[in-house]
Each structure stands twice: as structure tokens, then as C-alpha cells.
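**Q** Give me coordinates for this.
(one chain, ligands or ions: 2)
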Amino acid sequence: MSIHDEAEKIRRKLDEENSTTVSVALFGQPGAGKSSLINKIVGQKVAEVGVETDKTVAAASYEAKGLRFVDLPGYGTKNFPKESYFQKFDIQQFDLFLCVTSGKLHQADTEFFQELARRGKVCIFVVNKHDELWEDGIAIEELEQRKINDITKHVGQPVKVVFTSCRNGTGLDALSIEIQNNLDGAKRERWARGAKAYSARFLQEKKSACEKYVSYAAAAAAANGINPVPGVDVAVDISIIMKLFKEIRDDYGLTDNFLTNLKQSSIPVVGRLANNVVQYAAKEGILILLKRFAGRQAVKTFAKYIPFVGQAIAASLGYAITSNVGNSYLSDCHELAEEILNNKLGE
Ligand SMILES: Nc1nc2c(ncn2[C@@H]2O[C@H](COP(=O)(O)OP(=O)(O)O)[C@@H](O)[C@H]2O)c(=O)[nH]1
Ligand SMILES: [Mg+2]
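**A** Ligands and ions are numbered 1, 2, ... in the order given. Okay, the predicted model is just below:
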């Protein structure tokens, strides 16, 4: 394939990647914690907590970082009769469902679940407010088992149950991993990139997914290069790199405000990494990185990505430099996120 064809292909691939979304629908009784969970999963306050969406006409929809969450209104209510519910909310389109409960499972939730199961849809049961699960003299494991038994009895089949607490963070990592395990291909990677990491393991998944995305963007930046970058003997599209860097920051939850605070951290490594992440975000910073990697003798090649980016592009100097630049930025963001996790630094 010629470099021209490969360039066209990689641009399409990048567009495709950018338009991949994971859509998750949540249902369950008002007050169970659906909005709180959405916010915890994306690591951003996108949904308003403590407001009932049951009475509204439309399902509340939130989108962030390629993840779409829809808070479904009550099933089989006066406003939303069962007969028209699946069509009205286009239930077939969702990748996955979360049945969120905190107290007892309601009849409407059971019925909705059974309809989903009939249509082969994946539904995870989330028992939220785990922090409130307590009874004098009864072990937590026993209380959890009772919940599981109660759900199994209602729905009439074994189902996946995850216990969570938005208050103390219990189970948020397990939930995110369970969701990811029920997705495939590009959606799996989208999830790893967009969802907030609550463990080192998930951070690692995030990094792998970002690495692949870096290879696409770097290839597109190399293929799109029109004007040579001053001081660097190669033509690359800096705007693509700038956009890539912003996406990496978003994927790691590194907002401008958060970074400003982190720069002042009393932990030296945090301050240094936050400084890098901010400095290299600007065009001048990207030029510094480009020059740094262009000057290197041995440029690392990323053999495992050749099938994705194409032979000719992968062999080009532009790609070697842009992928090094992208991975260097990714490394800084990743290390910073590890420090944030280890030191429990919140925004
Ligand atoms: N103790 C406790 N309270 C929670 C938890 N999750 C949500 N809440 C509270 O439960 C109430 C309802 O939460 P919300 O997310 O609005 O529920 P929704 O109606 O299902 O969207 C709010 O006051 C939340 O602060 C949790 O894990 N533990
Ligand atoms: Mg809500």
C-alpha cells in the first residue's frame, strides 16, 4: 500500500476511534444512587445527585470521554407503559445495563430485567450504599449473601451482582472492570480510556488503550505533515498532536484546575510531573518534545502497531518521532495518575 493510501486509512481509523462510544443505561428506584454512580464512574460531576428523573418526560443522558450514560425513567409507570417502553427509549442500542438498587428489588426492576434477558442484553446488578449495609451481630459477608439471594429469588436466575459505595469507594473498581469485561473490541478500549481508574490494574489498562490511540494519532500526524516543523527535520501536523495530548489528559482526569493544584503539591515528583503535563500541552512544549526526539540517534519503533498504522507510515521518520513524543506525554500523565492514586490526591 502506498503512503498516500495508508494516510487515508489512518485518518479514517482515527475518526472511527473518535466516534466509538460506550452507552450504558441505568435503571432502578429513585434514590438508589444512579446519578452518584455515573459521576463516580466517569470521575466527573456530570449528573445532578438527589433529583428524581422518574417524573421527567425524557431519559436523562450524559456524555463524557466517549462514554454515554442514560438514566432511564420508571418502567411501566403511567407516563411510560411497558408496551411502548423498549421502542420509546431505543433499548436495543445500549451496550449494557445497570440495575441499581439499595433497598429491596422492586417488581418493575425485575420485570424490566426479564425483558432485557429475553432480548439477550447484558445487565449487571449494582447493590449501592454498601456503607449502609449493617446489622448488629451479622457478618458483612452474610448480609451480602442475603442480598444476592434476594435478587436471585426475584429474577429467577443467577445474575452478576456488584456491591458499591459512592461514599467510600467500595466496589467502584470491581464495577468498572465488570463493565469492561462485558464489552468487546474498540468499546473495551474506549471504556478503559474514559472510565476513572480506581486501581493500579485499571490504570494499566488505561495506559494500554491510550498507547494504541497514540499510535493512530501519531501516524495521522506524520501522514498529515505538510509544513516542516522549524528546527526539526520532519513535517508533522502539530494540531493533531495537540489534540492527542488534550485527550490523554482527559482520559487520566487531569483537568486544568486539578493540574494547577498538583503543580503546588508538597510531593516533589507530583509537582514535577504536573509541570511537565502542563508545559508540554502548549504548542511551544510540543516543539520542545519534537526536537528532543528528533535529535535522538536510535528512534524506537513500535513494531506491534505496524498492522494498525501501515508499513510505509510505520517506517517513516515522522512516525518514529511523533509516536515517541506521544508516548513520552502519555508516560508523564500515567506516572502522575499513579502518584495521585498512591497518595490519594483528589481534585
Ligand atoms: N450512604 C450512601 N449514600 C449514597 C450513596 N450513593 C448515593 N447516595 C445518596 O443517595 C441519594 C440519592 O442519590 P442519587 O445519585 O441522586 O440517586 P438516583 O435517584 O438513583 O439518581 C443522595 O443523597 C446521595 O448522596 C452511597 O453509596 N452511600
Ligand atoms: Mg438521579
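
**Q** OK, contacts around the closest residue to Val269 other than its chain neighbours?
**A** For Val269, ignoring the flanking residues on the chain, the nearest one in space by Cβ to Cβ, 6 or more residues apart in numbering is Glu339 at 6.1 Å. For glycine as for every other residue, the C-beta is placed from the backbone atoms N, C-alpha and C. By Cβ atoms under 8 Å, 6 or more residues apart in numbering, the contact list for Glu339 reads 267, 269-270, 273, 345.

**Q** so which of those comes closest to ligand 1?
**A** Leu345 (21.6 Å; Cβ to the nearest ligand atom).

**Q** Can you list phi and psi of the closest one for me?
**A** phi -90, psi 120 (degrees, to the nearest 10).

**Q** List the contacts of it.
**A** Going by Cβ under 8 Å, 6+ apart, the list of residues near Leu345 reads 262, 265, 270, 339.

**Q** Secondary structure element for the one residue in the chain that gets nearest to ligand 2, which one?
**A** Going by Cβ to the ion, ligand 2 is nearest to Ser35 of the chain, at 3.3 Å. Using DSSP states H and E, Ser35 falls within helix 34-42.

**Q** What is the distance between that helix and the centre of its chain?
**A** Remark: helix 34-42 is offset 12 Å from the chain centroid, using Cα atoms, centre = their mean, to the nearest Å.

**Q** follow-up on the earlier one: what about the residue nearest to the residue of the chain closest to ligand 2 when sequence neighbours are not counted, how many residues nearby?
**A** Spatial nearest neighbour of Ser35, chain neighbours left out: Ala47 (3.9 Å); criterion: Cβ to Cβ, 6+ apart. Neighbourhood size, Ala47 [other Cβ atoms under 10 Å]: 21.

**Q** Does Ala47 touch Ile41 like I think?
**A** No. The pair Ala47 and Ile41 does not pass the contact test of Cβ atoms under 8 Å, sitting 10.1 Å apart.

**Q** So for the two, which residues contact both of them?
**A** Joint contacts of Ala47 and Ile41 (Cβ under 8 Å, 6+ apart) are Phe69.

**Q** Now do the buried residues in the helix or strand harbouring Ala219.
**A** Using DSSP H and E, Ala219 maps to helix 200-223. The neighbour-count check on helix 200-223 (16 or more other Cβ atoms under 10 Å) flags 202-203, 205-207, 209-223 as buried.

**Q** what's the answer for stretch 23-35, then?
**A** 23-29, 31-35.

**Q** Which one of those is nearest to Leu96?
**A** Val24 (5.2 Å; Cβ to Cβ).

**Q** wait, what's in contact with the closest one?
**A** Per Cβ under 8 Å, 6+ apart, neighbours of Val24: 67-70, 94-98, 179.

**Q** can you rerun that using 7 Å?
**A** Counting by Cβ atoms under 7 Å, 6 or more residues apart in numbering, Val24 makes contact with 69, 94-96, 98, 179.

**Q** likewise Leu143?
**A** So Leu143 contacts 133, 135 (Cβ under 7 Å, 6+ apart).

**Q** On the pLDDT front, check it for me.
**A** We have a pLDDT of 97 for Leu143.

**Q** one step back: can you tell me which of the contacts of Val24 are in strands?
**A** Counted as lying in strands by DSSP state E, out of these, are 69, 96, 98.

**Q** Closest one to Tyr329 out of those residues, please.
**A** When the ones in strands among the contacts of Val24 are ranked by distance to Tyr329 (Cβ to Cβ), Phe69 comes first, at 28.3 Å.

**Q** got the buried residues for the longest helix along the chain?
**A** Determined from DSSP state H, the single longest helix within the chain is helix 317-342. Of all the residues in helix 317-342, those buried under the rule 16+ other Cβ under 10 Å are 318-327, 329-330, 332-340.

**Q** Excluding covalently adjacent residues, which one is nearest to Asp157?
**A** I think there's a mix-up here, since residue 157 is Gln and not Asp. Gln157 sits nearest to Ala117 (Cβ to Cβ, 6+ apart), 7.3 Å away.

**Q** Count the neighbours of the one you found for me.
**A** By the measure other Cβ under 10 Å, the count of residues near Ala117 is 16.

**Q** Relative to Gln44, how far out is it?
**A** Between Ala117 and Gln44 the computed distance is 31 Å (Cβ to Cβ, to the nearest Å).

**Q** Same question for Gly225.
**A** 34 Å.

**Q** which of those two has more neighbours?
**A** Using other Cβ under 10 Å, the more surrounded residue of Gly225 and Gln44 is Gly225, with 20 against 17.

**Q** How about that one, nearest residue that isn't a chain neighbour?
**A** Ala235 (3.3 Å).

**Q** what's around that neighbour, how many residues?
**A** 15.

**Q** can you pull the contacts of it?
**A** 225-229, 318.

**Q** same check, this time on Asp332
**A** Asp332 touches 273, 276-277, counting by Cβ under 7 Å, 6+ apart.

**Q** any idea which of those residues is the one closest to Lys243?
**A** Val277 (15.5 Å).

**Q** can I assume that closest one sits in a helix?
**A** Yes. Secondary structure of Val277 (DSSP: H, G, I helix; E, B strand; the rest coil): part of a helix.
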